[in-house]
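J.: Just the structure for this:
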Amino acid sequence: MLGDAMTAGPGVKVPAGIRVTFPETGIIRIRDATLFATLDGEPCRRFLQAALRLPAIRSATFTPARKHCVDLRYNLPRSGLKQILNQLALALGKVIDDPMAVAAPATALNRHGVVRYRRYAGRVTGWRAERERVGSVRLTNPVLYRKRALCEAIERELMSALGVSRYNTDALKSRVDIEYDPRQISLAELVEMLDTALAATDHPDRLDKINRELTICTVSVPLAAAAQFAVPALLPPAGLLFAYTALPTFKGAWNVLTKERRLGVDVLDAVVVLACLGTGEVFAGTILCWCLSFGRFLVGRTEDRSKKMLLGAFGKQPRFVWLLIDGQEIQAPLAKLKQGDIVAVNTGDMVPADGVIVEGLAMIDQHTLTGESTPAEKGIGDQAFASTIVVAGKIFVSVERSGEATTTAKIAQILNDTAGYRLASQQKGEQLADQAVVPTLAVGGLALGTIGPQGAAAVLNSDMGTGIRMAAPLAMLSTLALCSQRGVLVKDGRALDLLCEVDTVLFDKTGTLTRERPEVGRIVAANGHSAIDILRYAAAAEHRFHHPIARAILQKAEEERLDLPAIDHAQYSIGHGISVGVDRHRIRVGSRRFMELEGIALTPEVTAALEAAHREGHSMVMVAVDDELGGALELRASIRPEVPEIIKGLRARGIRQIAIISGDHEAPTRKLAAALGIDRYFAQVLPTEKADYVEKLQQEGRKVCFVGDGINDAIALKKANVSISLRGATSIATDTAHVVFMEPGLGKLCELLDVAAELQRNVRLSWGLILAPNIACIAGVFTLGFGIGASVLTNNVAALGALLNGVRPMRKVAASEAERRHLLELQLRQSGFSAGEYA
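T.: Next up, the predicted model:
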């Protein structure tokens, strides 16, 4: 002990009352009743900021058994202890200009009540990096141990974080794996998010129960094998353990008999277990229980994986908003937003919540909500919707529904609808297995009467349900992972079956076959101006804006390789047009109404072009030079470049009819259908009528896949046999569709059909692998004298074969994932990032 005070150099002295001891090498123990009165108090927080700033100090640990005391672990050998004490005394004696943030004590608490802080990612935190790579990190924190609620809170936070691509939590191992793009989010921000999530969540008082069912079943297998074939003295404990592992089977059989009042495959499994117990075939029964437990494990894993993919489908949201409080704009977390708050949304910002505009004017890009390519003019009293973007202007929005509340509602609804994915082929297989129970019992009874108990047990063990319970969920899991990796979210497993039956694909035109951004068609010049000059003037006026019309004009200028002149001044007229100074000319770009308001007369050639454009369903942007009309640019829908190949691919995959449905006029819809070789088209269809046309096709005996994007497609999406929406769809469309493409465009459509067909072939092959050996075994019982040993061999080899078949798609997943990670790592290294960047 150094006494009542610790000195460190001339003039530097820690106040009396602090006691320092060295209980073992590498630990400095500091005791002070005032300093450590409460762990979340200001004195303790300042101490941690000072101590953990020192490079030599590794961690600070508070133990319940030692009150008002902290153990500092350090790296230097004992010869350097004096230097550490000097540095610590100096740090405690001065004010820190840029103190590190200190996480709440509850976020660093282990199950024994010990709080351990570390310095990581510029914070005092309970997290520790177990593994770091460029764009990937594995973090551990003992607070997570067997507390699934905390893991779920972290997942909710990471779900909406921009820059986080993948994540996984493990409550048993107390860790979080995160893949992220350091160009979008830093490691320091990630750790701050994790600490925030833990601090805002109620920590359970009790640890979660560990599901050891599969572990016990796995341990029972070698014990049963030793008892059956080597050490008969082990039969009693092996039999007891076997009976214990069979309890879930007996519970399932009881529920089927008493609640569902039917004979199902669970009843057959229970009879087999009783037969194995009665005949002393402990090893065979143990193998059966292990297979059933493994099947249940796979089904649970499938559901958990599917839910995580669903959560990721809602896109990324800003973490902070600008809240108006007492006339000042203050940055606040999105999660804290509530009804009645006023938020400020500036040019380029995303509207964070649904609400009403109470001040300001703006042009808002709503294509993610409505599919319309032109920004909408919004002012006081108008509705503003979450996820839309302000492209010009500034508005103040009174919140009606907060982002957290709407997200929670969407997640709850989808998870209720998709709690367990079950293939129709899996359901049919289990139904078939259930229907085979009575015949199997009858054959087993015949074997009992003619051969004896051994033959009866062998017949009953050769059931079909066990194998398909393993193979079908695993095939589903593998396929869902494959689809997710390829940018396709399958929200309803039935869609994978129904896609194989689809013979008609109905495309919504706007936003699906056409891109959100229009393209420039004809350029009509007037009053002696050239088309190139008109395009150059328009591009110069629009170059500061990012709405679809501006992007279309700028794209055309780029294709023509035009050098844009500088502009002298710009004034944006909401909803009508732009006025700028270019090359000593006053250039005005906007609608026909804008020209009329500015007193600019349209020339005959422009008027004729405008009327022709309207007949074809196109629009035009006028360009005035000084006080006369210089010309006009035609804007027309731009067909997605992949569409022709997609149409050919659908034909090659057996789709008999392809149709278009649109609210546009007859002429442009007919023209598009003819250009793409579409069989049928439906024009001038009102939004509420789209579902009627889907039903009309179904009444013709067709299986319809509807592909749409936009709020007006929601009813049609629900009506179709299979529905697909593109990324950027509205929340309603995303909630309603069976399948969501996470990337813009239709490029994944044919690939999805191939994946669905491959899944169907996979499950059929699994059925073949299960049926053939078991039927042969039953025949062998009566003709070749097969016993329970042969039954166990054939039944479980068949199940293993089906299992390996079901996991085949995962090889593609693993290969693609390794390639993706490698490419990302190369990109990040080329960008100058390294592991632990911003740590």
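J.: Buried residues, the strand or helix carrying residue 556. List them.
T.: Using DSSP states H and E, residue 556 sits within helix 548-559. Residues 548-557 are the ones in helix 548-559 that count as buried (16 or more other Cβ atoms under 10 Å). Placement of C-beta: from N, CA and C, glycine included.
J.: Looking at these, which is nearest residue 185?
T.: Using Cβ to Cβ, residue 551 comes nearest to residue 185 of the buried residues of helix 548-559, at 26.4 Å.
J.: Tell me how far the nearest residue to that closest one once chain neighbours are set aside lies from residue 141.
T.: Nearest non-adjacent residue to residue 551, counting by Cβ to Cβ, 6 or more residues apart in numbering: residue 517, 5.2 Å away. Counting by Cβ to Cβ, to the nearest Å, the gap from residue 517 to residue 141 is 45 Å.
J.: circling back: would you mind giving the buried residues of helix 548-559 as a markdown table with distance to residue 238 and pLDDT added?
T.: Listed next are the buried residues of helix 548-559 as a markdown table, based on distance: Cβ to Cβ, whole Å; pLDDT from 0 to 100:
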| residue | distance to residue 238 | pLDDT |
| --- | --- | --- |
| 548 | 71 | 77 |
| 549 | 76 | 84 |
| 550 | 76 | 86 |
| 551 | 72 | 84 |
| 552 | 75 | 89 |
| 553 | 79 | 92 |
| 554 | 76 | 91 |
| 555 | 74 | 89 |
| 556 | 79 | 92 |
| 557 | 80 | 92 |
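J.: Buried residues in stretch 46-62, which are they?
T.: 46-54, 56-57, 59-62.
J.: who's in contact with that stretch?
T.: 35-36, 39, 69-76, 80, 83-84, 87-88, 91-92, 96, 99-100, 102, 105, 114-119, 124 (Cβ atoms under 8 Å, 6 or more residues apart in numbering).
J.: chain center to that stretch: distance?
T.: 37 Å (Cα atoms, centre = their mean, to the nearest Å).
J.: again, but for stretch 769-787
T.: With Cα atoms, centre = their mean, you get 46 Å for stretch 769-787.
J.: quick check, nearest of the buried residues of stretch 46-62 to residue 329?
T.: residue 49 (29.3 Å).
J.: got a pLDDT number for that closest one?
T.: At residue 49, the pLDDT value in this model is 92.
J.: Nearest residue to it in space, please, no chain neighbours.
T.: Using Cβ to Cβ, 6+ apart, the closest residue to residue 49 is residue 99 (4.4 Å).
J.: Helix, strand, or coil at the one you found?
T.: Of the three states, residue 99 takes coil according to DSSP: H, G, I helix; E, B strand; the rest coil.
J.: That one: neighbour count?
T.: Per other Cβ atoms under 10 Å, the neighbour tally for residue 99 reads 14.
J.: Then residue 262?
T.: 11.
J.: Could you tell me how far the residue nearest to residue 49 is located from residue 38?
T.: From residue 99 to residue 38 the distance is 18 Å (Cβ to Cβ).
J.: now do residue 381
T.: On the measure of Cβ to Cβ, residue 381 and residue 38 end up 50 Å apart.
J.: and what of residue 136?
T.: Distance from residue 136 to residue 38, by Cβ to Cβ: 37 Å.
J.: Compare those two (neighbour count), which wins?
T.: Per other Cβ under 10 Å, whichever of residue 136 and residue 38 has more neighbours is residue 136, with 18 against 11.
J.: these two touch, right, that one and residue 182?
T.: No. The pair residue 136 and residue 182 fails to qualify as a contact (Cβ atoms under 8 Å) at a distance of 10.1 Å.
J.: Helices of the stretch 151-300 of the chain, residue ranges please.
T.: For the stretch 151-300 of the chain, the helices defined by DSSP state H, counting those that start in this stretch cover 187-199, 213-229, 235-245, 247-258, 265-279, 282-312.
J.: would TSV of the ones you listed with mean neighbour count be doable?
T.: Listed next are the helices of the stretch 151-300 of the chain as TSV, based on neighbours: other Cβ atoms under 10 Å:
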stretch	mean neighbour count
helix 187-199	21
helix 213-229	18
helix 235-245	18
helix 247-258	16
helix 265-279	23
helix 282-312	21
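J.: Which of these comes out lowest on mean pLDDT?
T.: Among the helices of the stretch 151-300 of the chain, helix 282-312 scores lowest, with a mean of 73.
J.: can you list the buried residues of helix 548-559 in TSV and add distance to residue 228?
T.: As requested, these are arranged in TSV below (distance: Cβ to Cβ, whole Å):
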residue	distance to residue 228
548	72
549	78
550	77
551	73
552	76
553	80
554	77
555	74
556	79
557	81
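J.: Now for the residues you listed: which two are most distant?
T.: 548 and 557, at 15.1 Å, using Cβ to Cβ across those.
J.: and the helix holding residue 556, what does it pack onto?
T.: strand 519-525, helix 531-542, strand 628-636 (3 or more Cβ pairs under 8 Å, 6 or more residues apart in numbering; DSSP states H and E).
J.: Listing partners with orientation, what would you give for the first one?
T.: By that I understand strand 519-525. Using DSSP bridges, the strands paired with strand 519-525 are strand 628-636 (antiparallel).
J.: neighbouring contacts of the strand it pairs with?
T.: So strand 628-636 is contacted by 518-527, 529, 531, 533-535, 537-538, 549, 552-553, 556, 595, 600-603, 606, 609-610, 613, 616-624 (Cβ under 8 Å, 6+ apart).
J.: after it comes which helix or strand?
T.: Strand 628-636 is succeeded, C-terminally, by helix 643-652 (DSSP H and E).
J.: Would you mark the buried spots in that next one?
T.: 643, 646-647, 649-650.
J.: What of stretch 125-141?
T.: 125-129, 132, 134-141.
J.: most residues in a single helix of the protein, which one?
T.: helix 749-783 (DSSP state H).
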